[in-house]
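K.L.:
Quick one: sequence and predicted model below, then my questions.
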Amino acid sequence: MQSLDFPSQLFGDGGGSDYELYEEDDEFVLTIDMPGFDREEIELAWDRGVLNVAAEHVDESRDRKKTYHRRFRFPKDVDHEAITAEYVNGVLEVRLPAETQTPIRGDPIPIEG
């Protein structure tokens, strides 16, 4: 069963040591240390508020297979058409622009009485 990493956990000490997630200038910035993978071996997919990151590398000379898979859920809507990613020197950086008109706390509920 896959667990979901929530940004509220990532901003504290609850996150893993292979990634960093923060929000700046109305966008989320996610950096993941992924040494040993080629850019072509990494797959990113956006699915209804969840970013899926997967990678697989086969080292035939050592008869080993290295895999990576993680899912990240975001507390705000993201402009999925404007997501960008770059992989340099074993570090994947994904920028996810937050949609500014999205309320952070959800829809208001009237209180009667």
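P.N.:
Looks like it arrived, so ask away.
K.L.:
hey, what's the residue nearest to Arg64 when sequence neighbours are not counted bridged with?
P.N.:
Excluding its sequence neighbours, the residue lying closest to Arg64 (CB to CB, 6 or more residues apart in numbering) is Val58, at 7.6 Å. Backbone N, C-alpha and C define where each C-beta goes, glycine included. Counting by DSSP bridges, Val58 forms beta bridges with Lys65.
K.L.:
Which SSE is immediately downstream of the lowest-mean-pLDDT helix or strand in the chain?
P.N.:
In the chain, no helix or strand scores lower on mean pLDDT, DSSP states H and E than helix 7-10, which sits at a mean of 42. Later in the chain than helix 7-10, the nearest helix or strand by DSSP states H and E is strand 19-24.
K.L.:
quick one: strands adjacent to that next one?
P.N.:
strand 27-33 (antiparallel).
K.L.:
Would you mind measuring from the residue lying farthest from the centre of the chain to Arg64?
P.N.:
Relative to the C-alpha centroid of the chain, counting by CA atoms, centre = their mean, Gly113 is the outermost residue, at 42.6 Å. The spacing between Gly113 and Arg64, counted by CB to CB, to the nearest Å, is 64 Å.
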